[in-house]
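# sequence-free structure coming up:
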């Protein structure tokens, strides 16, 4: 007698595979979203850090730090506009460069402000203002060396 062998998967086997994929996705997607948000904050910080050298040069000459003067190009991650200056300088030499996340940034980051603050002595520090997104903020998102 010749037995016919079935080739393929049973319904139970397919359901087990789908359940395993579902569990993996439930764990992986939130982790991935967190990595995306952390990367976007770091990218915004990196983009404004590029303007520190020009900012310093302009301050040393007592010149303006308007967007056109520092060569600002709005990022797709921010609400940046070429007509709204991202840098300010005070009479005592302090100042800052800041952007607000928006545009193509993750929806949970929209409204966060990434700022580089300059001291009178020329030192720089990073500050992230998360007050508008405090409910979705996680400490892991803060770039190294930055404070809230």
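Sure thing, it's come through. Worth saying up front: this structure is predicted, and the values here are computed from it rather than measured.
# For the rest of this, base every contact and every neighbour count on C-alpha atoms.
Noted.
# Tell me who's in contact with the residue nearest the centre of the chain.
In the chain, the residue lying closest to the centroid (CA atoms, centre = their mean) is residue 41, at 1.9 Å. Shown in contact with residue 41 (CA atoms under 8 Å, 6 or more residues apart in numbering): 114, 141-143.
# Who wins on neighbours among these?
Using other CA atoms under 10 Å as the neighbour test, the contacts of residue 41 are led by residue 114, with 24 neighbours.
# In strands, which of the contacts of residue 41 appear?
Of the positions in these, residue 114 sit in strands, assigned by DSSP state E.
# Would you mind listing the buried residues in stretch 59-74?
Neighbour counts over stretch 59-74 (16 or more other CA atoms under 10 Å) mark 59, 65-67, 70, 72, 74 as buried.
# just to revisit the earlier point, pick out the most distant pair among the contacts of residue 41.
114 and 141 (11.8 Å; CA to CA).
# quick check: longest helix of the chain.
Identified as the longest helix of the chain according to DSSP state H is helix 11-49.
# Quick one: distance of that helix to the chain centre.
16 Å (CA atoms, centre = their mean, to the nearest Å).
# Now the element after it, going C-ward?
Using DSSP states H and E, the helix or strand that directly follows helix 11-49 along the chain is helix 52-60.
# Tell me what angle that following helix forms with helix 11-49.
Helix 52-60 and helix 11-49 are oriented at 20 degrees to each other (axes from the mean of the first three to the mean of the last three CA atoms, to 10 degrees).
# packing partners for the helix or strand just after helix 52-60?
Using DSSP H and E, the helix or strand that follows helix 52-60 towards the C-terminus is helix 67-70. For helix 67-70, the packing partners by 3 or more CA pairs under 8 Å, 6 or more residues apart in numbering; DSSP states H and E come out as helix 52-60.
# can you list contacts of the helix it packs on?
So helix 52-60 is contacted by 64-65, 70, 89, 93 (CA under 8 Å, 6+ apart).
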